[in-house]
Each structure stands twice: as structure tokens, then as C-alpha cells.
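Asker: Sequence and predicted structure, then a few things I'm wondering about:
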Amino acid sequence: MTNLLPRYSSKREATESNGLPSRPSNWTPCGILPCLGFAMFCLASAPAFSAVAPDLGEAFDYTVLGTNENPTVGTVTCTNTGPGSDIDGNVGSTFTSITNTECNITGDVDAPVDAQVVTDFNNAYAELDNQNPTCDGTIPTTSTTLPPGVYCSDAETTIGTGVTFTLDGDATDVWVFKVGTSGSGALTGTGFEVVMGGNAEACNVFWWTAGAASLTDSFFKGTILSGDAFTMTRGSFEGRGLATTDATVTDAGPMEFAGCAAPATITVEKDFSDDNPDPVSVELNCTSGTVEESPLEASEAEPAVFTIGGAGPDTTCTAMEDVPEGYSADQTDCVDVELDGSCTIFNTLIETDTITVNKDFSDDNPDPVQVDLECTSGTIETTPLTAAEGSPAVFLIIDADPGATCTATEEVPEGYIPDESDCVGVEMNGECTIFNELIEADMITVHKDFSDNNPDPVVVDLECTSGTIEETPLEAAEGSPAVFTITDADPGASCTATEEVPEGYAPDESDCVGVEMNGDCTIFNTLIDGDTITVNK
């Protein structure tokens with residue numbers, strides 16, 4: 001069984017912060033007691049230490065980093081001799097290039113890398129040891145489940161095939177493994193596997209080595225800060241390989257960047273111009289990291305507070321809302337918000353006006369009529385609309401300027417005369433009426449009379465002093481008169497009918513001169529008499 005109780009790297013006594021002598025590395029809370037009868041006491045008495053993650057600074061963004069102070073072409077090497085090397089992330093080298101033999105690198109290659117990256121890595125390497133001076137246990141070499149904490153080995157550590165470390169904890173828990181705390185020592189892993197348990201994240205696992213770090217056919221998780229060269233051969237890697245000298249990757253499939261940081265928040269406030277208390281659905285998107293829950297609801301009384309895990313440096317987030325109906329949205333304050341920042345989405349109530357158009361028919365016709373509206377400013381939500389007697393058309397106008405007016409026109413129904421004058425220049429939130437007067441129709445009936453009772457029809461034309469004759473000429477015959485329709489005739493109007501005189505007849509049209517509306521008349525035709533002379537031979 002692996003001893004997870006605290007161990008100390010030096011056997012000499014030192015003074016702790018409470019002024020008491022520190023305990024030697026082989027000390028346990030049970031002293032020389034066998035502990036069998038005091039197992040619960042031992043576990044309860046073991047002090048708990050918290051591992052501290054280093055601040056990688058500008059080195060945070062790199063999956064593979066070689067920082068040899070005497071850089072060569074091999075400071076960073078990625079070689080593909082098998083199924084393919086994949087590096088998902090950025091690669092940095094202190095040399096002017098990297099050696100890349102058919103590797104697939106999805107991120108940027110910085111060669112030479114910025115000096116600040118090297119400085120930040122060196123600081124992180126030094127500080128990790130300083131920030132985690134006390135070990136919670138030794139680094140095991142057999143399969144085990146490890147809670148968060150600091151695990152150490154004095155010298156080199158070799159972990160062989162079949163060994164699995166299960167790191168079980170929460171998303172914010174940190175594991176630190178220190179190899180070579182005595183001043184020298186390399187990490188060698190062959191067929192070794194690291195598994196994250198619970199909600200633990202690979203980005204919170206750090207491996208510090210005094211010497212080199214070499215992994216072969218291993219399924220590894222965590223950030224390696226190697227005191228010498230870093231070498232990975234086959235297997236997979238979720239984390240970072242950062243070396244103080246050279247970094248070599250051969251057939252890694254894949255090597256992924258485990259980029260995450262302490263959870264951060266973005267607070268999205270709501271502000272309505274009319275102090276509307278209703279909640280609005282807000283969605284958040286960030287340039288890196290994972291938004292724990294999105295969308296969330298925000299209101300004037302309660303903002304939406306988003307939690308972002310695993311975000312990299314310089315991450316920004318943008319919030320967008322489902323714009324509530326009847327409002328315009330100003331979301332500019334919530335674009336590219338820095339982590340742990342806040343922003344406000346403003347909603348302005350859209351000012352709306354109405355124009356009501358009534359219908360009035362002289363004969364109370366119930367049929368609907370299509371009405372169109374035009375306004376001097378603003379946006380008409382829908383036009384045309386239908387209006388009928390008792391059911392007016394109500395138009396909605398958005399964002400009209402002060403003093404704006406509207407004019408309504410209709411598709412004039414057949415048989416009616418429109419009066420739209422009431423609907424010209426109507427002020428906002430006003431109403432008007434379009435009148436339709438039924439067109440009155442009159443008739444003139446023209447009969448035919450032949451002296452010899454000729455049944456043939458005759459073409460008759462009509463002219464009137466006012467009004468409109470629906471159709472002329474018409475045919476008339478004995479027993480089948482021509483009936484003319486006249487619309488919009490003035491009072492006292494009269495009409496006169498004339499015919500195309502049939503050959504062999506004398507006409508008498510006097511009865512059809514100046515006929516009053518809705519009257520009738522007769523055109524007489526007399527057969528012209530003829531004599532004969534007979535000549536014999």
C-alpha cells in the first residue's frame with residue numbers, strides 16, 4: 001500500500017512557522033505505535049496540504065516548448081515514422097526553426113520563441129518547487145488512485161507497463177509530482193497511463209523533474225516542466241511538454257494542449273428603457289475555455305453570471321441575447337469582455353403608433369376592401385390590410401418621427417365611387433374613414449315597330465346629356481327592345497336614340513328624342529310602297 005502521509009525531503013530538523021521543530025521525513029503521526037488499533041486516528045490526524053499550480057505566463061499557450069540556452073536545429077523535433085505525429089497546439093523553440101518530419105501541427109510554430117515565453121517558463125519551473133515545498137506522499141510505481149496533493153521522489157522515478165494513476169477529484173483540484181527533489185533525477189514512463197477521475201482536469205496536473213522526462217507508449221496527462229530534455233515516443237499526451245533543453249516528439253498520436261485556468265466569471269447585466277422586469281435568455285461564447293452553462297436568464301433584478309473553466313490567457317467572451325419583442329437591442333458593451341468582467345445589454349422600447357382606417361358604404365355593403373397605408377416616417381409593420389364596415393384596418397407604425405402623418409388609399413370596389421379625403425395626412429394614433437357611394441344606374445328602353453311587322457333586328461345608338469352609357473349601340477327588334485344602362489346621370493338628364501335605317505323603310509325617331517331617365521320610346525319604320533310595269537315579248 002502506498003504511503004500517502006507527509007514526507008519531508010530532508011532528515012535534518014528545521015523550525016516550522018509555529019516555532020516547533022519540524023519532523024524528519026520518516027516520521028508518521030503514529031510514531032512507533034503499530035497503528036493497527038489507531039487506523040482511524042492516523043487518517044484523521046494526517047495533515048492535509050494543498051498543491052499550488054505554477055503561473056506559466058506566456059508559456060501557457062504552448063503544447064511543446066524547447067528552451068535550450070544553446071539552441072540547435074534539434075531544440076524541437078517532431079518526427080513521423082509510423083501512423084503519424086499530431087501536435088494539437090502551439091510549438092515554440094529557442095532556435096530559428098524546428099525539425100518537422102511530416103508531423104501534423106495544428107497550432108502556430110514560433111521559432112525563435114519570444115524571450116518572455118522562456119523567462120516565464122523558467123520562473124514557473126523555479127516557483128513550482130518553491131510553492132510546493134511539502135510533499136503529501138511519495139510518487140508510487142504501482143497502480144493507485146491519488147487524491148489531489150503534492151507527490152515527490154528524491155531521485156529518478158521509473159514507472160513501468162500496466163501502471164495506472166487515477167487522479168480523482170474536482171475540477172479545481174491540483175496535483176503536483178516532483179521528481180528528483182534531492183537535486184537530480186529523471187522521470188521515465190513506459191506503458192504508463194494517467195486517468196482523470198471525477199471532475200478532475202488534466203490541465204491541473206503538473207510534473208516537475210530535476211532531470212529529463214521520457215515517455216514511451218504511455219497515455220499521459222498533465223504539464224511536464226522538465227529540468228532537462230523532454231522526449232515522447234508514441235502513445236498520447238494531454239497536456240504540455242515544456243523543457244529547459246530539447247523537446248522531441250516521435251509518433252505521438254495525438255499530443256493535445258490541456259489549456260485551462262482557474263474558473264472565471266462573466267456577469268451580464270440587463271437594462272430596459274422602461275424598466276421591464278422580465279428575464280431574457282442570454283448566450284455566452286468565449287475565445288477559449290468552456291462555458292459551464294449557456295444560455296442563462298438575465299433580468300434587471302438578477303444578472304446572468306456565467307462560469308468559464310479552462311480559459312487561456314487573454315481570453316475574451318461575447319454575450320448575445322434573444323432580443324425581446326418590441327425592443328431594440330444594444331449589445332456592444334458585451335463584445336470581447338475580459339474574464340471576471342461584466343457588461344450590460346441595453347433594450348430600448350420601440351415606440352409604436354397606430355392609424356385606424358374605418359369603412360363606410362352608402363348601401364352598408366359588408367364586404368372587406370384592401371387598404372394601403374403610406375407614412376412620412378417610421379416603419380409600417382404590415383400593409384396593406386383589409387377593412388370592412390364594423391371591422392377597421394389598424395396599422396402599426398414603428399419609430400415614427402414627431403409630427404409624422406399617414407395617408408390611406410383603397411382598392412375601389414366595382415360599382416362604387418370612393419371618397420378618401422378623410423384619410424389624407426392623418427396624425428399618429430388617429431383614425432379616418434373611407435366612404436364608398438354606390439353608383440346609381442338608370443335605363444332607357446328603345447322599342448321597334450315595323451309597318452309590315454318585319455322581325456329583323458336594327459342597330460340602335462344612344463346619346464345622353466349626362467352620365468355614362470354602359471354599352472352602345474345595341475340591337476332592337478319587334479318584341480325585343482334595346483335596354484341601355486346609364487350610370488351617374490345628373491338629375492333631369494335625357495337621352496336620344498337613333499337607328500341605322502333599314503333599307504326599304506322610312507324612319508320615324510321622333511318618339512326617341514329627349515327621353516327622360518328610366519323612360520322608353522319607339523322607333524317606327526314604314527315600308528316604302530312601290531309599283532310595277534310588266535313588259536311581254
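Answerer: Arrived safely, thanks for sending.

Asker: who's in contact with stretch 518-528?
Answerer: The contact list for stretch 518-528, computed with C-beta atoms under 8 Å, 6 or more residues apart in numbering, reads 442-452, 454, 458, 460, 476, 481, 497, 499, 501-502, 504-509, 511-512, 515. All C-beta atoms are positioned from the backbone trio N, CA, C, and that covers glycine.

Asker: Now do the buried residues in it.
Answerer: Buried residues in stretch 518-528, counted by 16 or more other C-beta atoms under 10 Å: 520-525.

Asker: I'd like the distance from Thr77 to Phe95, if you could.
Answerer: In this view, Thr77 and Phe95 are 10 Å apart by C-beta to C-beta, to the nearest Å.

Asker: what comes into contact with stretch 193-201?
Answerer: Under the criterion C-beta under 8 Å, 6+ apart, residues 145, 148, 163-171, 173, 175, 202, 205, 218-222, 258, 260, 309-310 lie in contact with stretch 193-201.

Asker: Of those residues, grab the buried ones for ChimeraX.
Answerer: Entered in ChimeraX, the line below selects the buried ones among these, by 16+ other C-beta under 10 Å:
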select :148,163,165,167,168,169,171,173,175,202,205,218,219,220,221,222,258,260,309,310
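
Asker: Which of the contacts of stretch 193-201 fall within strands?
Answerer: With strands defined by DSSP state E, the entries of these inside them are 145, 164-169, 175, 205, 219-222, 309.

Asker: Reformat those residues as TSV; add distance to Thr106 and pLDDT.
Answerer: Formatted as TSV, the entries for these read as follows, by distance: C-beta to C-beta, whole Å; pLDDT from 0 to 100:
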residue	distance to Thr106	pLDDT
Thr145	33	96
Thr164	28	97
Phe165	27	97
Thr166	29	97
Leu167	26	96
Asp168	30	95
Gly169	29	91
Trp175	27	95
Val205	22	94
Phe219	20	94
Phe220	19	94
Lys221	19	95
Gly222	20	95
Gly309	22	71
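
Asker: Give me the sheet partners of whichever helix or strand Ile486 is part of and which way each runs.
Answerer: With the criterion set as DSSP states H and E, the secondary-structure element containing Ile486 is strand 482-487. Strands flanking strand 482-487 in the sheet, each with its direction: strand 441-450 (antiparallel), strand 468-469 (antiparallel) (DSSP bridges).

Asker: average pLDDT across it?
Answerer: Per-residue confidence for strand 482-487 averages out to 93 on the pLDDT scale.

Asker: can you list contacts of it?
Answerer: By C-beta under 8 Å, 6+ apart, the residues outside strand 482-487 that reach it are 439-446, 460, 462, 464, 467-476, 493, 495, 497, 517.

Asker: repeat for stretch 382-402
Answerer: The list of residues contacting stretch 382-402 from outside it, by C-beta under 8 Å, 6+ apart, reads 350-361, 364-381, 404, 406, 408, 410, 428, 431, 434.

Asker: Swap in 6 Å and give it another go.
Answerer: Counting contacts by C-beta atoms under 6 Å, 6 or more residues apart in numbering, the residues outside stretch 382-402 that touch it are 350-359, 366, 368-373, 375, 377-381, 428.

Asker: Select only the buried ones of those in PyMOL?
Answerer: Buried members of the contacts of stretch 382-402, defined by 16+ other C-beta under 10 Å, are picked up in PyMOL with:
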select buried, resi 352+353+355+356+357+358+359+369+371+372+373+375+378+380+428
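
Asker: Any chance of the buried residues of stretch 518-528 in CSV with pLDDT and secondary structure as columns?
Answerer: Compiled in CSV, the buried residues of stretch 518-528 are given as follows (pLDDT from 0 to 100; DSSP: H, G, I helix; E, B strand; the rest coil):
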residue, pLDDT, secondary structure
Asp520, 95, strand
Cys521, 97, strand
Thr522, 97, strand
Ile523, 97, strand
Phe524, 97, strand
Asn525, 97, strand
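
Asker: need these in a markdown table with distance to Ser391, can you?
Answerer: Output for the buried residues of stretch 518-528, formatted as a markdown table (distance: C-beta to C-beta, whole Å):
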| residue | distance to Ser391 |
| --- | --- |
| Asp520 | 43 |
| Cys521 | 47 |
| Thr522 | 50 |
| Ile523 | 51 |
| Phe524 | 56 |
| Asn525 | 57 |
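
Asker: residue ranges with poor pLDDT in the stretch 51-200 of the chain?
Answerer: Low-confidence segments of the stretch 51-200 of the chain, defined by pLDDT under 70, are located at 82-84.

Asker: how far away is the closest residue to Asn525 other than its chain neighbours from Gly89?
Answerer: Counting by C-beta to C-beta, 6 or more residues apart in numbering, Tyr505 is the residue found nearest to Asn525 once chain neighbours are left out, at 4.1 Å. The spacing between Tyr505 and Gly89, counted by C-beta to C-beta, is 112 Å.

Asker: Asn199: neighbour count?
Answerer: Neighbours of Asn199 under the rule other C-beta atoms under 10 Å: 12.

Asker: And Thr287, by the same measure?
Answerer: Using other C-beta under 10 Å, the number of residues around Thr287 comes to 12.

Asker: again, but for the one 10 residues further on
Answerer: When counting by other C-beta under 10 Å, one arrives at 14 neighbours for Glu297.

Asker: what bridges to it?
Answerer: Applying DSSP bridges to Glu297 yields these beta-bridge partners: Ser281.

Asker: was I right about it contacting Pro279?
Answerer: Yes: under the criterion of C-beta atoms under 6 Å, Glu297 lies in contact with Pro279, with a separation of 4.0 Å.

Asker: Quickly note the distance from Phe435 to Gly378.
Answerer: When distances are taken as C-beta to C-beta, Phe435 and Gly378 turn out to be 26 Å apart.

Asker: Show the pLDDT at Val323.
Answerer: Val323 is assigned 94 on the pLDDT scale.

Asker: Pretty sure it sits in a helix.
Answerer: No: looking at Val323 with DSSP: H, G, I helix; E, B strand; the rest coil, it is coil, so not inside a helix.

Asker: Look up how far Asp330 lies from it.
Answerer: 10 Å.

Asker: can you check Phe435 too?
Answerer: In this structure, Phe435 lies at 46 Å from Asp330, with C-beta to C-beta as the measure.

Asker: who's more crowded, those two?
Answerer: Between Phe435 and Asp330, counting by other C-beta under 10 Å, Phe435 is the more crowded of the two (17 against 12).

Asker: Straight-line length of stretch 386-396, end to end?
Answerer: From its first residue to its last, stretch 386-396 covers 14 Å (C-alpha to C-alpha, to the nearest Å).

Asker: Work out the gap between it and the centre of the chain.
Answerer: Computed by C-alpha atoms, centre = their mean, to the nearest Å, the chain-centroid distance of stretch 386-396 equals 37 Å.
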